[in-house]
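1. After the sequence you'll find the predicted model.
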Amino acid sequence: MQTAPDYNNPKLILETADLEPSHVVWRSPSNLAIVKYWGKHGNQLPRNPSLSLTLETAFTMTRLDYKAKESADTNIDLQLFFHDERNEAFEERVKKYFSGLTDIFPFLRQISMSINTVNSFPHSSGIASSASAMSALALCLCSLEHELFNTLEDDAAFDQKASYIARLGSGSASRSIFPGMSVWGQTSEVEGSSDYFAVPFEDKVHANFKGMRDDILIVHSGTKSVSSSAGHSLMEANPFAEPRYQQANRNMMNLVSAVQKGDWETFGKIAEQEALTLHALMMSSSNGYLLMKPNSIKIMEMVREYRKETGHQVYFSLDAGPNVHLLYPEEIIHEVRSFVEDQLAPLCEERYYIEDYMGEGPVQQ
Ligand code: PMV
């Protein structure tokens, strides 16, 4: 059994009279899981370990302005603006999230906050934005703690806490804290791995994977019909849940070794199997549902055909949605780009795709 880190800290209380209004700003990327997290228990704990690619161009930029509260009430006081417009649905979600964090950051009860958040990708591009949005918020909160109390000087301690906090907002967000690749969930394959926070994996990544490309082909934009949290809970009654968790553990073992050895073929095989399994689990839940679209399937078939014809290491992955991620080595970008432009872009909404790649991780602005 692992022990949970105890981040509760009743000492983080402000002498509010001294507080100068100020702000913190973080840019944090999205990530794509290669071995997927699907199924959770307890307070945002994963049923199986996952490994992800940190992206670069798909990010959220979040600015948190704060000042001392004028009243003595202890509710969370915040307003949230998404692309300059007040967004009450997101505001409610963040209020609830912050209310759950007041034992860790008791000073949140003492300040008024205004949060401005923007995504680099268009609003309804169909990109799951919770990983970038929640990690950006978690990073802002840890920076805020450090600015106010000077408590998080050590970078590794800062990152671990940010990942723990991000996880409480959205499980996948825990992995966005680290550059390159990251692992969340305890596995004997990765020393120091934990269900409570993600750990960096970049220094284990073989040179063959450095600069890996991820073209995100937008087959269909707009919000999905079933949220990820509903999807996670449907796993509880899914008849394939247990064998799935065993498969994920096996895939983690093989993926960790493939990433260290530079073995693209094993990496790609696992990426594709995981993507198809994720959607198979959705389909086999009670009231099974489909998030793929006909063009998602066409693209996946064309990628496999292209790989067979050319021998190029090009593989697909999917998130919980219809858009297809195309993973390939940086060296073949010119060949693959022609394939995308000529054959795949016509299957995307308004020929739209995002050119992303293995990223450097979050940046404080
Ligand atoms: O972080 P959540 O609760 O939105 O779940 C995300 C789950 C997947 O994106 C489908 C897989 C993953 O590991 O990121």
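-> Arrived safely, thanks for sending. Residues are numbered from 1 along each chain as shown.

2. Please count neighbours and contacts with C-alpha atoms only from this point.
-> OK.

3. Just checking, which helix or strand succeeds the least confident helix or strand in the chain by mean pLDDT along the chain?
-> Using mean pLDDT, DSSP states H and E, helix 228-234 stands out as the lowest-scoring helix or strand of the chain, at a mean of 93. Per DSSP states H and E, the first helix or strand lying C-terminal to helix 228-234 is helix 241-261.

4. Only C-alpha atoms, please: export that next one in CSV.
-> Taking C-alpha atoms only, helix 241-261 is exported to CSV below (Å, rounded to 0.1, in the frame of the first residue of the first chain):
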residue,chain,number,x,y,z
ALA,A,241,-13.2,-3.8,-16.4
GLU,A,242,-10.9,-6.4,-14.7
PRO,A,243,-9.3,-7.8,-17.8
ARG,A,244,-8.9,-4.2,-19.0
TYR,A,245,-6.9,-3.2,-15.9
GLN,A,246,-4.7,-6.3,-16.4
GLN,A,247,-4.2,-5.3,-20.1
ALA,A,248,-3.2,-1.8,-19.1
ASN,A,249,-0.6,-3.1,-16.6
ARG,A,250,0.8,-5.3,-19.3
ASN,A,251,0.9,-2.5,-21.8
MET,A,252,2.6,-0.2,-19.3
MET,A,253,5.3,-2.8,-18.8
ASN,A,254,5.9,-3.1,-22.5
LEU,A,255,5.6,0.6,-23.2
VAL,A,256,8.0,1.6,-20.5
SER,A,257,10.6,-0.7,-22.0
ALA,A,258,9.8,0.3,-25.6
VAL,A,259,10.2,4.0,-24.8
GLN,A,260,13.6,3.4,-23.1
LYS,A,261,14.8,1.2,-26.0
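
5. Okay, angle between the helix or strand just after that helix and helix 241-261 too, please.
-> Following helix 241-261 in sequence order, the next helix or strand is helix 264-283 (DSSP H and E). Angle, helix 264-283 to helix 241-261, by axes from the mean of the first three to the mean of the last three C-alpha atoms, to 10 degrees: 160 degrees.

6. what's helix 264-283 packed up against?
-> strand 22-35, helix 241-261, strand 315-318 (3 or more C-alpha pairs under 8 Å, 6 or more residues apart in numbering; DSSP states H and E).

7. does any bit of that helix sit next to the ligand?
-> No: for helix 264-283, no contact with the ligand is found by C-alpha under 6 Å from any ligand atom; the gap never falls below 7.1 Å.

8. What residues does the protein have near the ligand?
-> So far as C-alpha under 6 Å from any ligand atom goes, the chain lies against the ligand at 33, 36-38, 130, 170-173, 228-229, 319-320.

9. Repeat the analysis, applying 8 Å as the threshold.
-> 31-38, 50-52, 128, 130-131, 167, 170-173, 227-229, 232, 278, 319-320 (C-alpha under 8 Å from any ligand atom).

10. for the stretch 51-200 of the chain, what spans make up the helices?
-> Counting by DSSP state H, counting those that start in this stretch, the stretch 51-200 of the chain has helices at residues 88-99, 130-149, 155-169.

11. And these: which comes nearest residue 332?
-> helix 130-149 (27.8 Å; C-alpha to C-alpha).

12. what inclination does the closest one have with respect to helix 88-99?
-> 50 degrees.

13. Give me the distance between the spatially most central residue of the chain and residue 54.
-> Taking C-alpha atoms, centre = their mean as the criterion, residue 131 is the residue nearest the geometric centre of the chain, at 3.2 Å. For residue 131, the distance to residue 54 equals 10 Å [C-alpha to C-alpha, to the nearest Å].

14. Mutual contacts of those two, please.
-> 29, 30, 31, 175, 176 (C-alpha atoms under 8 Å, 6 or more residues apart in numbering).

15. what sits against the nearest residue to the second one once chain neighbours are set aside?
-> Excluding the flanking residues, the one nearest residue 30 by C-alpha to C-alpha, 6 or more residues apart in numbering is residue 132, at 4.4 Å. By C-alpha under 8 Å, 6+ apart, the contact list for residue 132 reads 28, 29, 30, 31, 59, 60, 173, 176.

16. Can you report how many residues lie near the last one?
-> This means residue 176. 36 (other C-alpha atoms under 10 Å).

17. thought it was touching residue 28?
-> Yes: in terms of C-alpha atoms under 8 Å, residue 176 counts as a neighbour of residue 28; the distance is 7.0 Å.

18. list residues touching both of the two?
-> Jointly contacting residue 176 and residue 28 under the rule C-alpha under 8 Å, 6+ apart are 132, 135, 361, 362.

19. Same list as before, the helices and strands packed on helix 264-283 that is, but in JSON lines and with mean pLDDT included.
-> Output for the helices and strands packed on helix 264-283, formatted as JSON lines (pLDDT from 0 to 100):
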{"stretch": "strand 22-35", "mean pLDDT": "98"}
{"stretch": "helix 241-261", "mean pLDDT": "98"}
{"stretch": "strand 315-318", "mean pLDDT": "98"}
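
20. Let me have these in a markdown table, extended by mean neighbour count.
-> Converted to a markdown table, the helices and strands packed on helix 264-283 look like this (neighbours: other C-alpha atoms under 10 Å):
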| stretch | mean neighbour count |
| --- | --- |
| strand 22-35 | 25 |
| helix 241-261 | 18 |
| strand 315-318 | 24 |
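
21. Tabulate these (TSV), appending distance to residue 192.
-> What follows is these, written out as TSV (distance: least, C-alpha to C-alpha, whole Å):
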stretch	distance to residue 192
strand 22-35	18
helix 241-261	14
strand 315-318	27
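
22. Could you verify that residue 325 is part of a strand?
-> Yes: note on residue 325: a strand contains this position according to DSSP: H, G, I helix; E, B strand; the rest coil.
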